[in-house]
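Participant: Sequence and predicted structure, then a few things I'm wondering about:
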Amino acid sequence: MADILPVELWWKILEFLPGKDLCNVALVCSYFRRLTEEPALWTWVKINRDKIEENGIDQLLSNHRLTKVKEIDISYLDLTNENNDNLRKVVEHFQKIRMRYSNVTEAQKEAILKTAMTSKVLQDLDLDSVALNDMHRDLVAKALVGRSTVGL
């Protein structure tokens, strides 16, 4: 019954659903679950910080549905137990990153800044209230130059 419409038409219909409703559609049947696997349906979704805190960045990065999401807000999270590679992947993947008041180690800050220096996609980086005074000023400057928006 559900497959009476072409997949592309279903995607057009599903584009109008809020994230929570899209999740519910995925639970209806296996056909709808496969339909909702399309990453383009999830590009605008706001990633739940509680889920990141609960499950870690690794699970977020491995979720196929979220491969086209462009923004992430990991503000106020304690990221000290996160793998540096995962933080590098976040900087490489997302266009807009908010890390306001996030708790990160010196090694993590260095990894984030070094990756930001070479990132081709990163446009906005908000590091408001993340202490950068222990980082070399040239590293900070090179990481932030060329960004559309910077928060310090």
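Facilitator: Received, thanks. Here the structure is a predicted model, which means the values were calculated and not measured.
Participant: which secondary structure elements does the helix or strand where Trp10 lies contact?
Facilitator: Assigned by DSSP states H and E, Trp10 falls within helix 7-14. Identification of packing neighbours for helix 7-14 by 3 or more CB pairs under 8 Å, 6 or more residues apart in numbering; DSSP states H and E yields helix 30-35. For glycine as for every other residue, the C-beta is placed from the backbone atoms N, C-alpha and C.
Participant: Quick check: what element follows the helix it packs on along the chain?
Facilitator: From helix 30-35, the next helix or strand downstream (DSSP H and E) is helix 49-55.
Participant: Run the chain-centre distance for that next one.
Facilitator: Offset of helix 49-55 from its chain centre (CA atoms, centre = their mean, to the nearest Å): 12 Å.
Participant: Now do it: which elements does it pack against?
Facilitator: Applying 3+ CB pairs under 8 Å, 6+ apart, one finds that helix 49-55 makes contact with helix 57-61.
Participant: Run through the neighbouring helices and strands of the helix it packs on.
Facilitator: helix 49-55, helix 84-93.
Participant: List of residues touching the last one?
Facilitator: Under the contact criterion CB atoms under 8 Å, 6 or more residues apart in numbering, helix 84-93 has outside partners 56-58, 61, 72, 74, 79, 97, 104, 107-108, 111-112, 115-116, 119, 121-122.
Participant: can you do 7 Å?
Facilitator: 57-58, 61, 72, 79, 97, 107-108, 111-112, 115-116, 119, 122 (CB atoms under 7 Å, 6 or more residues apart in numbering).
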